[in-house]
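Peer 1: Please find the sequence and the predicted model below.
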Amino acid sequence: QVQLVESGGGLVQAGGSLRLSCAASGRTISNDSAGWFRQAPGKEREFVAASRGSGATTYYAESVKGRFTISRDNAKNTVYLQMNSLKPEDSAIYYCAALLRLRKGVTATDGYHYWGQGTQVTVSS
């Protein structure tokens with residue numbers, strides 16, 4: 001059974017930083033595309049960042065470009081999201097996802113086979 005477990009969320013002041021982790025078990029995800037998504041109250045889930053299996057190609061939503069960085073540690077079977085210069089509008093539940101579905105793009109909110117349970121990020125002003 002494949003599980004993705006996020007951690008690292010919390011409460012931070014605007015301008016601060018957090019690093020989210022997504023630890024996978026039951027499957028080696030080093031060759032899988034993986035992504036981060038978020039959902040704020042009353043809003044649709046939205047794409048944040050993604051990484052191709054090699055990790056060499058990354059994608060970012062315009063709203064986080066230059067502030068967030070997705071990375072991997074294949075030895076730990078873990079994907080990270082480093083979030084800097086956080087803003088109140090970044091507050092949301094953050095979800096990681098892995099293994100892209102056939103014919104789906106990395107930014108698709110229904111594009112992955114496996115999803116974590118989410119971790120709350122709250123940015124105070």
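Peer 2: It's in. Numbering: from 1, shown residues only.
Peer 1: okay, now Asp110: neighbour count?
Peer 2: Under the neighbour criterion other CB atoms under 10 Å, Asp110 is assigned a count of 8. Heads up, the C-betas are built off the backbone N, CA and C, glycines and all.
Peer 1: now do Ala108
Peer 2: The burial count assigned to Ala108 is 16, neighbours taken as other CB under 10 Å.
Peer 1: Which pLDDT does the model give it?
Peer 2: Confidence at Ala108, expressed as pLDDT, is 96.
Peer 1: Let me see the backbone angles for it.
Peer 2: Main-chain torsions, Ala108, degrees, to the nearest 10: phi -70, psi 130.
Peer 1: who touches it in this structure?
Peer 2: Phe47, Arg101 (CB atoms under 8 Å, 6 or more residues apart in numbering).
Peer 1: try Ser54
Peer 2: Applying CB under 8 Å, 6+ apart, we find Ser54 in contact with Asn31.
Peer 1: Ok, Val2 next?
Peer 2: Shown in contact with Val2 (CB under 8 Å, 6+ apart): Ala24, Ser25, Gly26, Arg27, Ala98, Leu99, His113, Tyr114.
Peer 1: Which residue is the nearest non-sequential neighbour of it?
Peer 2: Leaving aside its sequence neighbours, Val2 sits nearest to Gly26 (CB to CB, 6 or more residues apart in numbering; 4.1 Å).
Peer 1: repeat for Trp36
Peer 2: Spatial nearest neighbour of Trp36, excluding adjacent residues (CB to CB, 6+ apart): Val48 at 4.3 Å.
Peer 1: Double-check that the one you found belongs to a strand.
Peer 2: Yes - membership of Val48 in a strand is supported by DSSP: H, G, I helix; E, B strand; the rest coil.
Peer 1: Was I right to think it contacts Ala40?
Peer 2: No - Val48 is beyond contact range of Ala40, at 11.5 Å (criterion: CB atoms under 8 Å).
Peer 1: For these two, indicate the residue with more neighbours.
Peer 2: Using other CB under 10 Å, the more surrounded residue of Val48 and Ala40 is Val48, with 25 against 14.
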